[in-house]
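Undergrad: Provided below for reference: sequence and predicted model.
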Amino acid sequence: MLFTDPSRGHPNGYFDGWGDDGCFHYTGEGRYGDQRMIQGNLAVLTHTDQNRTIHLYRSISSGVVALVGEFTLDSQRPWYTTDAPDRDGDIRSVIMFRLRPIDVSPSTAEIPFTPPQQTLVEDVEVEQLHVESMAVNPSSVPRLADRNEAKLVRAYRRYLRSQGHSVGRKRILPSGEIKPLYTDLFDSTQNLLIEAKGTVTREAVRMAIGQLFDYRRYIDPRPDIALLLPSRPRADLIQLCHSDEVAAFAIWPKGEKFESSRTL
């Protein structure tokens, strides 16, 4: 027996629902850390071998559930993995089962979220704030860094627009994924991809470089890359940005304007 309850599931990182592929996408077991194919998850995967059936129930009210119907795993692609937050907001890898209905019709009342077959890249406004947290473990420090990052992005956007630049951001939905990626800023005037961080630690700089490399492979023509930081990074981190392997530069505020390591 599997149970789904969007009102309680979403805060804990469980995002279940019908896809436009006719399957019910059901989040696996495990509230913290990367989910693994063990225990309850393994029982779902091997239900046919164990001569068991899958019955899905939906929560109606406190202590009351209703039978959705009988399901079996899709024979071609029974499961996949994607990213989702746990109840503390930390991103982890989760298992998504593709349940093929046996005695029930897919609901047309829910928004489908089946992964696309081709990568989708589109321009969106900066105001659509979707900050990818740099935190691994929750604390007041990374949450403060996220807030500083958002302020920094808004300030640099205003500065670029005051210089006559066209500035937005990219929304990237990779093929086979259900969670879109959002760049911090994209300066189309300079074909420049910018990733912001609310702190100048080595960990933050490393994270920004990794994100820039991930985003850039989806954007054509290939953009230059830059890190937007709250203050000038120390010399070794600037050298890291300028290295042949990275080929990026750093940007930081100075008064009402911004400086760049590109001219150093």
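TA: Arrived safely, thanks for sending.
Undergrad: Can you tell me the number of residues neighbouring Glu125?
TA: Glu125 is flanked by 11 other residues according to other CB atoms under 10 Å. For the C-beta atoms, the positions are set from N, CA and C on the backbone; glycine is no exception.
Undergrad: no no, Gln239
TA: 12.
Undergrad: next one: Trp252
TA: 18.
Undergrad: does it sit in a helix or strand, and which one?
TA: strand 248-254 (DSSP states H and E).
Undergrad: Each with direction, which strands does that strand pair with?
TA: With DSSP bridges as the test, strand 248-254 is paired with strand 224-228 (parallel), strand 257-260 (antiparallel).
Undergrad: Could you point out which of these sits nearest Arg36?
TA: Ranking the strands paired with strand 248-254 by their distance to Arg36 (criterion: CB to CB) puts strand 224-228 first, at 34.3 Å.
Undergrad: can you give me the strands in the stretch 151-264 of the chain?
TA: 167-173, 181-182, 185-187, 192-196, 224-228, 248-254, 257-260 (DSSP state E, counting those that start in this stretch).
Undergrad: Using CSV, lay out the ones you listed together with mean pLDDT and distance to Asp214.
TA: Output for those, formatted as CSV (pLDDT from 0 to 100; distance: least, CB to CB, whole Å):
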stretch, mean pLDDT, distance to Asp214
strand 167-173, 93, 9
strand 181-182, 90, 7
strand 185-187, 97, 14
strand 192-196, 97, 10
strand 224-228, 98, 11
strand 248-254, 96, 13
strand 257-260, 96, 23
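Undergrad: so which of those strands comes closest to Val65?
TA: Closest among these, using CB to CB: strand 167-173, at 32.9 Å.
Undergrad: Tell me how far the closest one lies from the chain's centre.
TA: Counting by CA atoms, centre = their mean, to the nearest Å, strand 167-173 is centred 13 Å from the centre of its parent chain.
Undergrad: Thanks again, I'm all set now.
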